[in-house]
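Engineer: Here is a sequence together with a model predicted from it:
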Amino acid sequence: MNSLGKTLLRFWNSSIGKKLIVALTGLLLVGFLLGHMAGNLLIFQGREDLNSYAEFLRHMLHGWGIWIARIGLLGAFFLHIFATVSLVQQNRAARDSRYACDATVQASRSSRIMIWSGLTVVAFVVWHILHFTVRVDPALAGMTDPTDPSRHDVYGMVIAGFQDPLMVLFYIVSISLLCSHLSHGIASAFQTFGLRSAKTRFAIKNLGLAIAVLLWFGFLSVPILVATGGLKEKAAPAAANPPLSSESAKS
């Protein structure tokens with residue numbers, strides 16, 4: 001193994017190395033969530049704006065842009081999970097054996113919460129990709145924009161996709177768990193970078209909470225409004241009447 005490989009291996013095996021990876025990938029994913037939420041909210045602008053935005057993403061960098069982003073984000077997501085799990089295992093192994101009894105009781109309770117919330121978020125990501133990205137449902141995959149049949153009708157797909165109350169409920173639970181994680185994770189990232197102190201602790205805590213609340217309202221506004229009827233499928237605009245010919249005008 002060359003020197004670079006040895007350095008990377010030492011970095012990964014160290015506690016601070018894993019913490020930096022968790023922090024960096026976490027902030028990257030938070031940035032993606034904010035951008036993704038902003039794109040989702042274009043649905044309130046109407047079919048044309050949302051479908052045009054989706055079409056732009058699809059053809060960005062001649063179609064390579066969306067795949068580069070997907071691969072990078074999935075890599076960051078799984079690296080974030082793997083580094084977090086490895087860090088937890090490393091911290092548990094380093095605990096003093098005299099605290100084994102108390103630590104086991106405390107860890108078992110929090111571990112159950114973390115396991116179930118983590119599995120829910122992972123299941124949500126997989127479902128969200130299959131539902132709205134891969135579009136395993138033929139009815140959603142075959143939807144075309146009524147104003148431009150050459151492009152996919154993302155607006156109609158979102159409306160149709162949230163017609164199932166169980167899907168909406170799963171979405172609400174998953175986003176709530178995700179935002180709960182973010183409210184603490186953002187502050188932890190700042191602490192890892194050495195930016196959290198007695199003076200900045202309150203501001204950083206509120207920043208994490210504010211971002212989590214913003215994402216919670218932003219992401220859940222769409223499914224909740226669809227489920228309650230506040231956001232409905234809009235009929236395609238009627239074709240303009242052709243101008244009357246001179247013969248028709250005379251008659």
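Structural biologist: Ah, there it is.

Engineer: wait, doesn't Lys18 sit right on Ser86?
Structural biologist: Yes - using Cβ atoms under 8 Å, Lys18 is in contact with Ser86, at 5.9 Å. Placement of C-beta: from N, CA and C, glycine included.

Engineer: Of these two, give the one with the bigger neighbour count.
Structural biologist: Lys18 (22 against 16; other Cβ atoms under 10 Å).

Engineer: With Ala187 as the reference, measure out to the more buried one.
Structural biologist: 18 Å (Cβ to Cβ, to the nearest Å).

Engineer: before we move on, what about Gly218?
Structural biologist: From Gly218 to Ala187 the distance is 20 Å (Cβ to Cβ).

Engineer: Which secondary structure elements does the helix or strand harbouring Leu29 sit against?
Structural biologist: Using DSSP states H and E, Leu29 maps to helix 15-40. Here helix 15-40 touches helix 3-13, helix 64-93, helix 165-192, helix 201-227, going by 3 or more Cβ pairs under 8 Å, 6 or more residues apart in numbering; DSSP states H and E.

Engineer: Pretty sure Ala198 sits in a helix.
Structural biologist: No - Ala198 is assigned coil when assessed by DSSP: H, G, I helix; E, B strand; the rest coil, not a helix.

Engineer: now it: how far from Gly156?
Structural biologist: 52 Å.

Engineer: and what of Gln90?
Structural biologist: As judged by Cβ to Cβ, Gln90 and Gly156 stand 48 Å apart.

Engineer: ok, these two, which is more surrounded?
Structural biologist: Applying other Cβ under 10 Å to Gln90 and Gly156 shows that Gly156 carries more neighbours, namely 20 against 13.

Engineer: which phi and psi does that one have?
Structural biologist: Taking degrees, to the nearest 10, you get phi -70, psi -30 for the backbone angles of Gly156.

Engineer: remind me which residues of the protein are low pLDDT?
Structural biologist: Along the chain, the parts satisfying pLDDT under 70 run over 1, 95-118, 234-251.

Engineer: 80 instead?
Structural biologist: 1-2, 88, 91-121, 196, 233-251 (pLDDT under 80).

Engineer: Now for Lys206, how many residues are close by?
Structural biologist: For the record, residue 206 is Asn, not Lys. Around Asn206 there are 12 residues (other Cβ under 10 Å).

Engineer: residues touching it, list them.
Structural biologist: Listed by Cβ atoms under 8 Å, 6 or more residues apart in numbering, the contact set of Asn206 is empty.

Engineer: And Arg10, by the same measure?
Structural biologist: Arg10 touches Gly17, counting by Cβ under 8 Å, 6+ apart.

Engineer: What distance do you get for it to Leu4?
Structural biologist: Computed with Cβ to Cβ, the distance linking Arg10 and Leu4 is 11 Å.

Engineer: Could you report the neighbour count for the closest residue to Phe11 other than its chain neighbours?
Structural biologist: Excluding the flanking residues, the one nearest Phe11 by Cβ to Cβ, 6 or more residues apart in numbering is Gly17, at 4.0 Å. Residue neighbour count, defined by other Cβ under 10 Å, stands at 16 for Gly17.

Engineer: Equivalent analysis for Val154, please.
Structural biologist: By other Cβ under 10 Å, neighbour count at Val154 equals 25.

Engineer: swap in Thr192?
Structural biologist: Thr192 sits with 19 neighbouring residues when counted by other Cβ under 10 Å.

Engineer: Please tell me I have it right and it contacts Thr25.
Structural biologist: No - applying Cβ under 8 Å, one finds Thr192 not in contact with Thr25, separated by 11.5 Å.
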